[in-house]
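J.: here are the coordinates; sequence isn't available:
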């Protein structure tokens, strides 16, 4: 546990959940209240290992039967050997098999489904792919990867997400894109407007399916998949496989291959501690003093509400810190800009609601700070998973009053 510093302050943190603004017919699974959490769960040392399990891939990217232009783009990115989920999934997807992939975030799932599907559209320009994801940020991340791997191919894509200009999305759809990447709410809106016709799509990817379940999108997913062309190729990717998702996969997938990647738990790479805030201390002062420490040079801070996150970011900027925020009340352009600046080390601090807790791959985050408590331990694990990535060591600190 952190002790008081030279100014008599005790560092501390906290985090919370955002509201997704979904219509009342969508229901979220009931979660325990934050005050029921056992704070001792937030105190753990990163596991130090002397032996590292080495993954020996069966393939190289050059071995896969993919279009030469696609292989050239992959090589230009410096990729030679696939990750375990890529090594396991790509051959089956290339054979047009339905696949259920169970693997943690940050294991290369995006390339695992994008590469074989890009190859498919290279060979047959009539192929159309729908990719459904839970958050705008993940959709942007996938589109960025798609552009990189399909460079010079002439393939078109459309990004259909809330908070972004509808006119631009309609323009993209009018170009008959091979790939449509979107969030459930905006996709439904475009279908209801008659601007998106899923009967034309014969490939579907559901990414971060367990997160979509948590956010209450399960009925939307069923609605969207039911409109797709049959037969089709269906790909499901998720960090976990709860009963509802297993039932969904069984209903919509055809004789799927299930690939489960056992990987070291993200939390094992993360030093975890709590920071107690004493009764007469101001929480912002505790945070201020903590952020002055040299080791905290790329920090992701989680807050509970959109208003609280915005207020905290402003207060940190007023105190001279390089900070910005992302939350549901910001436009997509604002969110994308803040995330890009943080990824490119133009910002030292990003304050966020749970919109940044899952699915995002942000390199070299040194510290995750829970300025407010998460709703449950599962959310806590996903938040601290933004640090300690790619076998690097990270630190997570949780404020406790």
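T.: That came through, no problem. On a predicted model such as this, the values are computed, not experimentally measured, just so you know.

J.: CA only for contacts and neighbour counts going forward, please
T.: Fine.

J.: Next secondary structure after the helix or strand where residue 284 lies?
T.: Assigned by DSSP states H and E, residue 284 belongs to helix 283-291. Using DSSP H and E, the helix or strand that follows helix 283-291 towards the C-terminus is strand 299-302.

J.: Now do that next one: distance to the chain's middle.
T.: 15 Å (C-alpha atoms, centre = their mean, to the nearest Å).

J.: Give me the sheet partners of it and which way each runs.
T.: As defined by DSSP bridges, the strand partners of strand 299-302 come to strand 349-352 (parallel), strand 367-370 (parallel).

J.: Please parse the protein into its domains.
T.: The chain is divided into the following domains under automatic domain parsing: 34-50+265-400, 61-260.

J.: and those domains, which one is worst for confidence?
T.: When those are compared by mean pLDDT, domain 34-50+265-400 comes last with a mean of 85.

J.: Residue 274 should be in a strand, yeah?
T.: Yes. Counting by DSSP: H, G, I helix; E, B strand; the rest coil, residue 274 is found in a strand.

J.: Could you dump the strands paired with strand 299-302 into JSON lines with distance to residue 89 and mean neighbour count added?
T.: Compiled in JSON lines, these are given as follows (distance: least, C-alpha to C-alpha, whole Å; neighbours: other C-alpha atoms under 10 Å):
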{"stretch": "strand 349-352", "distance to residue 89": "33", "mean neighbour count": "28"}
{"stretch": "strand 367-370", "distance to residue 89": "31", "mean neighbour count": "27"}
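
J.: any chance you could map the strands in the stretch 151-300 of the chain?
T.: 157-160, 179-182, 203-206, 233-238, 257-260, 270-276, 299-302 (DSSP state E, counting those that start in this stretch).

J.: Would you point to the one among the ones you listed that's packed deepest?
T.: Ranked by mean neighbour count, the strands of the stretch 151-300 of the chain are led by strand 299-302 with a mean of 28 (mean count of other C-alpha atoms under 10 Å).

J.: Give me the angle between the helix or strand following it and helix 283-291.
T.: Moving toward the C-terminus from strand 299-302, the next helix or strand (DSSP H and E) is helix 306-318. Helix 306-318 and helix 283-291 meet at an angle of 50 degrees, taking axes from the mean of the first three to the mean of the last three C-alpha atoms, to 10 degrees as the criterion.

J.: Helix 306-318 packs against which elements?
T.: strand 323-326, strand 349-352 (3 or more C-alpha pairs under 8 Å, 6 or more residues apart in numbering; DSSP states H and E).

J.: Just to be sure, residue 131 is in a strand?
T.: Yes. Counting by three-state DSSP, residue 131 is found in a strand.

J.: In the chain, mark out all the helices, start to finish.
T.: 68-76, 84-94, 109-123, 136-149, 166-174, 184-192, 209-214, 218-226, 243-252, 283-291, 306-318, 332-343, 377-384 (DSSP state H).

J.: who touches the first one?
T.: Meaning helix 68-76. Residues from elsewhere that reach helix 68-76, judged by C-alpha atoms under 8 Å, 6 or more residues apart in numbering: 61, 62, 80, 115, 118, 119, 148, 149, 150, 151, 153.

J.: Check the residues you listed and tell me the two furthest apart.
T.: Greatest spatial distance in the contacts of helix 68-76: 80 and 153, 20.9 Å, computed using C-alpha to C-alpha.

J.: how about the nearest residue to residue 392, chain neighbours excluded?
T.: residue 269 (6.7 Å; C-alpha to C-alpha, 6 or more residues apart in numbering).

J.: any idea how far the one you found is from residue 105?
T.: 14 Å (C-alpha to C-alpha, to the nearest Å).

J.: How about residue 254?
T.: The value you get for residue 254 to residue 105, if C-alpha to C-alpha is used, is 25 Å.

J.: could the contacts of helix 68-76 be laid out in CSV, adding neighbour count?
T.: Putting those into CSV (neighbours: other C-alpha atoms under 10 Å) gives the following:
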residue, neighbour count
61, 18
62, 16
80, 15
115, 24
118, 26
119, 20
148, 15
149, 24
150, 23
151, 13
153, 13
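
J.: so which of those comes closest to residue 276?
T.: Looking across the contacts of helix 68-76 and measuring by C-alpha to C-alpha, the closest to residue 276 is residue 148, at 44.8 Å.

J.: what's the neighbour count on the residue nearest to the closest one when sequence neighbours are not counted?
T.: Among residues not flanking residue 148 along the chain, residue 73 sits closest, at 7.3 Å (C-alpha to C-alpha, 6+ apart). Using other C-alpha atoms under 10 Å, residue 73 is surrounded by 16 other residues.

J.: Next one: residue 73 from residue 149, what distance?
T.: Applying C-alpha to C-alpha to residue 73 and residue 149 gives a distance of 5 Å.

J.: From start to finish, how long is stretch 222-235 in a straight line?
T.: 14 Å.

J.: Of all the helices and strands packed on helix 306-318, which one comes closest to residue 275?
T.: strand 349-352 (17.8 Å).

J.: what residues does the closest one touch?
T.: 297-303, 309-310, 312-313, 321-327, 338-339, 342.

J.: Try it again at 7 Å.
T.: 298-303, 309, 313, 322-327, 342 (C-alpha atoms under 7 Å, 6 or more residues apart in numbering).

J.: Same check on stretch 146-154?
T.: 70, 73, 74, 114, 118.

J.: give me the number of residues near the residue nearest to residue 98 when sequence neighbours are not counted?
T.: The shortest distance from residue 98 to any non-neighbouring residue, by C-alpha to C-alpha, 6+ apart, is to residue 256 (4.5 Å). Applying other C-alpha under 10 Å, we find 19 other residues in the vicinity of residue 256.

J.: Just to check, residue 256 is in contact with residue 96?
T.: No. The pair residue 256 and residue 96 fails to qualify as a contact (C-alpha atoms under 7 Å) at a distance of 10.3 Å.

J.: what number of residues lie near residue 378?
T.: Residue 378: 9 neighbours (other C-alpha under 10 Å).
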